[in-house]
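all I have is the shape, not the residue letters:
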């Protein structure tokens, strides 16, 4: 589910803004840690970065970085 939404967002960003997504910062929950998401990111050259799980400081950092997209 989340991988499909990420793919749609990625296409939207790349077509509307003309920018290439180079990295994804995730909270290390369940959203973007799936094998399917990893294969997709690798094929597109997107580097994934995971924060420490259940750490409020790092969770906020991931949310702020993803908002910049």
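Yep, it's here. Keep in mind that this is a model prediction, so the values were computed, not measured. Numbering: from 1, shown residues only.

ok, now how distant is residue 22 from residue 30?
Residue 22 sits 23 Å away from residue 30, going by C-beta to C-beta, to the nearest Å. The C-beta positions use only the backbone N, C-alpha and C, and glycine is treated the same way.

again but with residue 39, I slipped
17 Å.

residue 38 now?
Distance, residue 38 to residue 30, using C-beta to C-beta: 13 Å.

repeat for residue 9
The gap separating residue 9 from residue 30 is 17 Å, by C-beta to C-beta.

so which of the two has more stuff around it?
Neighbour count, other C-beta atoms under 10 Å: between residue 9 and residue 30, residue 9 has more, with 13 against 10.

per-residue pLDDT, the more buried one?
pLDDT, residue 9: 84.

which element is it on?
In this assignment (DSSP states H and E), residue 9 forms part of helix 2-16.

what helices or strands is the next helix or strand after that helix leaning on?
Per DSSP H and E, the first helix or strand lying C-terminal to helix 2-16 is strand 23-26. With contacts taken as 3 or more C-beta pairs under 8 Å, 6 or more residues apart in numbering; DSSP states H and E, strand 23-26 sits against strand 47-50, helix 56-67.

partner strands of strand 23-26, parallel or antiparallel?
For strand 23-26, the paired strands and their directions (DSSP bridges) read strand 47-50 (parallel).

low-confidence stretches in the protein?
Scanning the chain with the threshold set as pLDDT under 70 gives 1-2, 29, 31, 53-69.

ok, now with 80
1-3, 6, 25-33, 51-69 (pLDDT under 80).

ok, residue 46 - contacts?
Residues near residue 46 by C-beta atoms under 8 Å, 6 or more residues apart in numbering: 21-24, 40.

10 Å - rerun?
Taking C-beta atoms under 10 Å, 6 or more residues apart in numbering, we find residue 46 in contact with 6, 10, 20-24, 37-38, 40.

and residue 38, by the same measure?
Residue 38 touches 3, 32, 46, 48, counting by C-beta under 10 Å, 6+ apart.
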